[in-house]
Each structure stands twice: as structure tokens, then as C-alpha cells.
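*Asks:* Mind folding the following:
(chains A and B)
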Amino acid sequence: MTQVSMTVNGKAARGDVEGRTLLSTFLRDQLGLTGTHVGCDTSQCGACVVHVDGKAVKSCTIFALEAEGAEVATIEGQANADGSLNVIQQAFQDHHGLQCGFCTPGMVMSAAALLKENPKPSEAEVRDYLEGNLCRCTGYHNIVKAILAASGQDVGAIAAE
Amino acid sequence: MPKDGGIGASTKRREDVRFLTGAGNYTDDINVRGQAYVHFLRSDVAHGRINGIDTGAAEAMPGVVRIFTGADFEGVGGLPCGWLVTDRFGQPMQEPPHPVLAQGKVRHVGDPICAVVADTLEQARDAAEAIVLDIEELPAVVDMKAALAEGATKVHDDLKSNLCYDWGFVEENREAVDKAIKEAAHVTTLELVNQRLVANPMEPRVAVGEYNRGTGDHTLYTTSQNPHVIRLLMGAFVLGIPEHKLRVVAPDVGGGFGSKIFHYAEEAFCTFAAKACNRPVKWTASRSEAFLSDAQGRDHVTKIELALDKDNNFTAIRTDTLANMGAYLSTFSTSVPTWLHGVLMAGNYKTPLIYVNVRAVFTNTVPVDAYRGAGRPEATFQLERVIDKAARELGVDPIALRRQNFITEFPYATPVAVEYDTGDYVATMDKLEEVADLTGFAARRKASEAKGMLRGLGVNCYIEACGIAPSNLVGQLGARAGLYDAATVRVNATGSISVMVGAHSHGQGHETTFPQVVAEMLGIDASQVEIVHGDTSKIPFGMGTYGSRSLAVCGSAMVRATEKIINKAKKIAAHLMEASEADIELKDGAFSVAGTDKSVAWGDVTLAAYVPHNYPLEDIEPGLEETAFYDPANFTYPSGAYACEVEVDPETGKVTIESFTAVDDFGNIINPMIVDGQVHGGIAQGIGQALLEHCVYDDNGQLQSASYMDYAMPRADDVPFYAVDHSCKTPCTHNPLGVKGCGEAGAIGSPPSVVNAVIDALQSGGKNVTHIDMPLSPSRVWAAMNG
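*Replies:* Below you'll find the predicted structure:
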């Protein structure tokens, strides 16, 4: 066991982990941050996306020890300070961008990373960016709409209902 | 309408807030103090005899609590099959045992052999590697035709053959159908494969078993679409635990699509092991494990013949299907190719004679069971493909051929034993032509051709049967369960309401839509109504959510229970206002006396029910809580017309979906936003089947598409924005809300139009291609073009 420490959602966090402990396991099992989900074991589904030092990372794909000293952001830290949904979260609710909710944390975290890089993405750019996030419920229609809406674009003009 | 959303409002989903903030409570989020972890050692061969299992070294590994093998389960039952199919000779299907852990033989890659329980998951995995298995590999049967050949290796030594059943429907029609096909002016024949798929809800399955030594109570937390079904099957048939000592909880569940209906070995194992180890036992599937252990879907090989007279009227349909059961009979596997498939063979058309023959086959593959649509996509695909092929052979417009043969009068009794109560297939086709702008297709094709692309248009109709029922009929057909549902409406003293429902929400949004119905009926705010589901200790015995049944069946129970609430509340209100019960009216959450200005609020009545000081105690009991069980008189029959436009790159065979339009008739709609979303998801799964997804075994029964690296799930850039329209409404005539199922329509209705569109594109490019089996991958399309 090795001690690892990092900042998670602005708070100091530490724990003892094995070398093989994944960041997703550390977040879920040791910190109780169960909003980060694990939907596959080949880094394909993206349900586990978190931000590590501002970059979108599949937390099932790095070891907890690799995040030593890093700033980690998870879905639990995304709401506004007053607890209300942030712009992206609110857009997902407004546009029915989630159904079972399992892929949702990864979708929201990927969307946040996309909009940081590209504040006004086109539909094609959104779809391309989401290649690493699988959703089985929504057919992506309302997820893409939600992200375009969160970027301030008029989705009514882009996608039919 | 209640100001925060009644029937017909696109109310935003209340459950979203917890899912968007990471506050959901999925089964893997549940950890019980002192829990141990189980890792299953699974077979890596498709067929083999277990000659020995040496767990000695593994048991000495750090953290190991206990290692279980099939021998530990000899005293308990096997996993049951919920539907007994009788073959066309009147004999029961062959029904082999399905042990919790393999006994004697392994029959598919992934068949669980040993279960290692340890303090940590890593210790359990490490110990599993130290188990020494002596397994004699046997020849595997993978191909269905080979499995039925004389002298084929048997999956189950004690059965006569690998044939589960040979089903004929309607058997009495057989000769008449043969004769009609012989005498037809034209017969179109199509042989096709409806390929095996994997449901792939994004949340892998999880089970946590817990046992209370003090009370003898068992609890199972599990990723299920129907916790009461699991309690009944596991308690009564596998482990022998009476219902009152067994609680099954299915909390937030991350999608199901059918694959979480069934009772699985891992659920029984964790429940059993929690008592045996006197510790809670948790199992979380990896995705790789899900590919080897979740029941898979489809896998039919079919020949369909469509007979037409000289005026192009359909006169007969004959089908011959091989349906893969896999190595064991999963819970509802046997009903899928029969009662969920054969009864849909009439589609939207008045074909007087139909005969469906299905032979279900055991193979050394993962068991197959219901996946979104379950039998109905298979029926729709073959019918809508053969009609398109017939139109080409006859040189007629495929839409016109469909229109000519539409059923136009309802109720309509099909030759395959069901009666459609309502529908308007002309209206949905008219709407499709408008929404999809079919008149503009020629110009769009021209534009594609100018870019060097082939453009195709594919259209199809579908009919679906949802909310399978009634119980007495399905019992005669072999169902070993009732198919009603139940709801308890508990009005609290201050007027808020908890509705305990048998249906389970794992993406469908019941927590939002069900309150919309109750709020509308009572005239109170929807926010005053909460849905409780997913816990057998809280909800009445209901059958859960599958087959697009929740609103039509459980919602009807909820309406009936709410009507009982209103009747009782009116009695209380009449007493409070010293009026006759017959004069009491309920409007906007208040009770008034007709023709007067006397009124009492909802909350006054509910408080009187629980503080019965001024109350007709001699006539009615205190309290305000009612339960209703609802057994539907018939299925509901949603229908629709879909159109797909594709571009095919003639250089590479790559297909791009340019547009997809869905027009569905779901009858009355509670929440249009949610219904649209259900259709979107179904379409993506249908496009996935048509173009991408394929569960592939090699000749030795090794699963070659066992991860998301190899199983092509639809991704955001594989699909377009969809156009969906639900303005055509013929309300169901036999349920109180006039609603039909909507959850599976997209997956049922979309594959044929995609394939029809690709064939149309290739034909427009002068390629004489009449059929390509799904998935229409670039290599398959290219091969067809250049073959």
C-alpha cells in the first residue's frame, strides 16, 4: 500500500492504495464519490470521465497513484455553489439529455471539457468529441442538443423536436 | 391541468437532478458493512466435461473466505424458465436444468464454474487464478443447422437432441397456407439472418446479498427491471426462501433493454453465499463478464415467403425460423421466438393466411432472451423486407404496395390469434410522407449523385404488441406467471401522496410521468405525488417493466387505485359538508357541492381521513390508501411508419444515415418529451443493429466480440438528429388512459427502413443487390456491390 494524496473537488483527499488501484476505484470506494461510474473495462464507454488538472480523463484508465498531487474534479463538484445545476447540467435536464443516468456523469464532464476547448462547437464537433462516451438510452439526440444549448446556441433551429 | 404538469405536459424529469449531480443510488454504489466480494471463475471453453476442480491452493490464498463449486448447489433448484412452449405435435419443449454453478459440464464460454469469496475483490481474483481446473474440452455446437444435424454433439447429454421445440403457428393453417402459396400469382422469397446482439445497458449487472442471522431475513440488491419477479423465481424455485423472508431491492438501475428482466445465477449465488458465509457478498460484473453472462438477443435465421394474387393483394405468408436459445433456457427465452414473434407476423396488413414455424435450438453459446422488442423486431424485419423485395420484383412502388394491403377496419382479428383494437395505418403513412418530405427525395438523390454518392430511401411500417396479457390467456399459452400489475396509492394526512408501483423505472422516467397522471386526476400539484418503486418490501406484487408495459398495465392499476381514492374522499367530503355524496364534485384539488358555494380543500379531506373526529366512522374506515391490481383485456398495439435516407459510398461501401423519420401512433401521451426520448433511443439501437452491432462466435464457440473494442456500439457520430412525430393518435380502447407502449417501437421499426434504404441506394447505382444481412458494415456492402 502506498499513500496517495490529491485535491478532489477543491478538498484535500488522501488514502492508501495498491499500485494497481485505479483512480475510479479510489474515487468510488475510498472517497465515496460514487457519481463516477464504471461501465466497461476497455476505456471505451466514458462513464468514468473526470477532470485531472483540467483535462478530461477516463478515471478507469489511470492509476490512483498517477493522480498524486493533481486537482481532480468529479460530477459531485459540478453544481453551482448554491447547489443549483450548472449550465451544462441544467441543459441536460431541459433537453432530456439523460434517461437511466448511468452515462450522464461522464457525458457532463466530457461536455464541460469540450466547451472549455471549443465554446461554440458545431453539431459535428459535438458528435466527434463524444466518440469516447457511450449512451445506450438517448440515441444521443438530446445529449447533442443539450450541449449545443449549453454553449448558447439556438437548438430549436438546429434540431427538430 | 395542474400548474406543474398533468397529462400531456412535457414536464422536466425530477429524477434528473440526482443523476446530474452524482447522487444516484445504483446497485454498485451500495456497500454493506462487512461485505465480502465474489469473483466467478468462468469457463474459457464452449463445451467441456469437468473432470476435476482443485481449490486447495486457492483456499490458502490471503483473504479467501470460501470457494464454492457446483457441488455446493446440488441441494438447490436450477434457474427456472418462465414459459413452457408446447410444440406443434402437442409435446412440451425440452427443458434442461440450469445450475447456479456448472455441474458436470460447461456449456458456453462464460459458464460459471467456481465462485471465490474473499475479503477484497483483488484477493478473490488472485485466488481464482490459483484454482486448478481439469476440463476435457468437447466439440462445440455453434451453428444452428449443424446443431440439428443427425449425430450432432449434444449440448445437454440427457436431452434427445439439441432441438428445444418445433413450434407451428397456427398449426391448423399449415395446409391452407401451403396451398395458397402453391396457387399464388407471385411468391417472393427471402432468406435472412437477424443477427445476435448484446443489449449492453451502460450499467453492468451487480448483486449484493445480505443475510440477517437474527431474523433469518435475506436481502438482495440487484440490477433488475422487476424485483418481485426475481423474488418469486429465486425464492420459490431456486433457493426455497419464502417471500416474507426475502427482500429484493432494485434501486437506480442504469438501463435494462430486457437484459435485466431475467433471474441470473449471480443473484442466486450472492443470496445463497451471504447465508453460507454469514457475511454480505457483493458481485459487480466487469463489461467483459457482461458480454459472457448477460442474456443476448435476436439470433434468428429465417426464410419468409410472401404470396400475392394477380392484383398484388397479399394472400399468404409462410415463415421458417431457427431461433438460437444458447446453452440454457434463460427466463423468458422460449416465449420470444414464439408468442412475441409469431403473433406479430400479420404486421399492418390483411393477409388472410399465415403460418409460422420456429425451431428453437440449443448451442454452446451464451443464452439468448428478450432484448428491446423481443421477437417483434424479428417479425417486423422479415415482413417489411420481404414486402420491399416483392415491390421490386413486381415493379410497383413499395409504399403503394403497403397501402394497398393495409388493415383499415378495427377491431381486426389477425390469422395469428390477436385482435388489434385500434390503429390508422393510412394516417401514419400520410404523416410520414409529409414529415420526411418524400416528394423531395428525387432532388436529394440527385444532389448526392453529384457528389459521387448513392442515395437510397427506405420505408417500413410496424405493428407492436405491448403489455402482454391477459393472464388467463397467456397461462393457456404456457406463461408460468401472471401478467397484471399493481399500484398502491397512499394519501398522507397532509395530502401528499406516495404511489407504490410494481413497474420499475430504469430510464423511462416513471418518477415524473406517473405523478402527472395522479395529479391530473386529483387536480393537485404533481410535486405532491411521489412514486416508490424497486423494493419488494415497499411495493405491491407487480411484474416490473418490460415489453413496453409500464403505463398501459401498471399505470392502469394506478388509475384504478386513484379512482378508489376519489370515491372514498367524496364520501368524506360529503360528510364534512353535510351533503349527498352524489352531489360532490372534485375539481382543481377541491371538493364542492354541485350548485352551491360549499367547498372543502383536498387537504381538509385527507386530514379528516387520518384525524377522524368529524367522520362517518359507522360507514367507512379511517385512512386513505387504496390498492388496485390491473390485468389488461388485450395487448396494446402501437404502430407507425418510418423512413430512412442513406448515402452509400460506392468506393468503400460505407453507409451514412442522412435522415431518419419516425411517425408513431402511441394513442394518448402523458409526457411528449419522454416519449420522444424513448423513440430516439430505440432508433439508435435499430440503426446499431442495421449497420454496426454483431455478436460473433467462432466455430469453437469463442466469443469474438467480447468488448467494446470489438462489439460496435452506436456512437454519437454514427447517428443523425431524428425527426419524430406523434400526432397520429388512435387511443387504446381497453385501458383507462387510452395509452399504448412506446419503449420498444424505435428498435422494432428502424432496422428494415435502414436496410431497405441501402438496397435502394445500391439498386439506384445499377447494382443488382436484393439483400444484405445485417450489420451492413462497409465490408459487407462493398462485397455485395462487387460480388
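
*Asks:* Please count neighbours and contacts with C-alpha atoms only from this point.
*Replies:* Fine.

*Asks:* So B:His694 sits against B:Val193, correct?
*Replies:* No - at 11.3 Å, B:His694 does not count as touching B:Val193 under the criterion of CA atoms under 8 Å.

*Asks:* If we look just around chain A, which residues of the stretch 201-350 of chain B are in range?
*Replies:* B:201-204, B:252-255, B:286-288 (CA under 8 Å from any CA of the partner chain).

*Asks:* switch to 7 Å and redo it
*Replies:* B:201-204, B:253-255, B:286-288 (CA under 7 Å from any CA of the partner chain).

*Asks:* quick one: which of these is nearest B:Glu563?
*Replies:* Nearest to B:Glu563, judged by CA to CA, of these is B:Val253 at 30.3 Å.

*Asks:* Show me what the lowest-mean-pLDDT helix or strand in chain B is packed against.
*Replies:* For chain B, the helix or strand with the lowest mean confidence is helix B:471-476, at a mean of 90 (criterion: mean pLDDT, DSSP states H and E). If contacts are counted by 3 or more CA pairs under 7 Å, 6 or more residues apart in numbering or on different chains; DSSP states H and E, helix B:471-476 sits against no helix or strand.

*Asks:* That one: which residues count as buried?
*Replies:* Using 16 or more other CA atoms under 10 Å in any protein chain shown as the test for burial, helix B:471-476 gives B:471, B:474-475.

*Asks:* Give me the buried positions along whichever strand or helix holds A:Ala13.
*Replies:* Element membership of A:Ala13, judged by DSSP states H and E, is strand A:11-17. Buried positions in strand A:11-17, judged by neighbour count with 16+ other CA under 10 Å: A:13-14, A:17.

*Asks:* show me the contacts for the residue sitting nearest the centre point of chain A.
*Replies:* Nearest to the mean C-alpha position of chain A, by CA atoms, centre = their mean, lies A:Met109 at 2.4 Å. Going by CA atoms under 7 Å, 6 or more residues apart in numbering or on different chains, A:Met109 touches A:49-50, A:75.

*Asks:* any idea which of those is closest to chain B?
*Replies:* A:Ile75 (5.6 Å; CA to the nearest CA).

*Asks:* what about that closest one, neighbour count?
*Replies:* 27 (other CA atoms under 10 Å in any protein chain shown).

*Asks:* ok, it - contacts?
*Replies:* Taking CA under 7 Å, 6+ apart, one finds A:35-36, A:105, A:109, B:21-22 in contact with A:Ile75.

*Asks:* Could you rerun that using 6 Å?
*Replies:* Contacts for A:Ile75 (CA atoms under 6 Å, 6 or more residues apart in numbering or on different chains) come out as A:105, B:21-22.

*Asks:* wait, doesn't A:Gly106 sit right on A:Cys48?
*Replies:* Yes - A:Gly106 lies in contact with A:Cys48 (CA atoms under 6 Å); the separation is 5.5 Å.

*Asks:* Looking at the contacts of A:Ile75, state which has the most neighbours.
*Replies:* That'd be A:Pro105 among the contacts of A:Ile75, by other CA under 10 Å, with 28 neighbours.

*Asks:* Over to B:Glu449. Which of the three states is it?
*Replies:* helix (DSSP: H, G, I helix; E, B strand; the rest coil).

*Asks:* Run through the residues that contact the closest residue to it other than its chain neighbours.
*Replies:* Leaving aside its sequence neighbours, B:Glu449 sits nearest to B:Arg455 (CA to CA, 6 or more residues apart in numbering or on different chains; 7.2 Å). When contacts are counted by CA under 6 Å, 6+ apart, B:Arg455 touches B:445, B:646-647, B:761.

*Asks:* ChimeraX command for the buried members of the residues you listed?
*Replies:* Applied in ChimeraX, the following selects the buried portion of those according to 16+ other CA under 10 Å:
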select /B:445,646,647,761
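
*Asks:* Next step: the contacts of B:Arg455 restricted to helices.
*Replies:* B:445, B:761 (DSSP state H).

*Asks:* Tell me how far stretch B:29-49 lies from the chain's centre.
*Replies:* 26 Å (CA atoms, centre = their mean, to the nearest Å).
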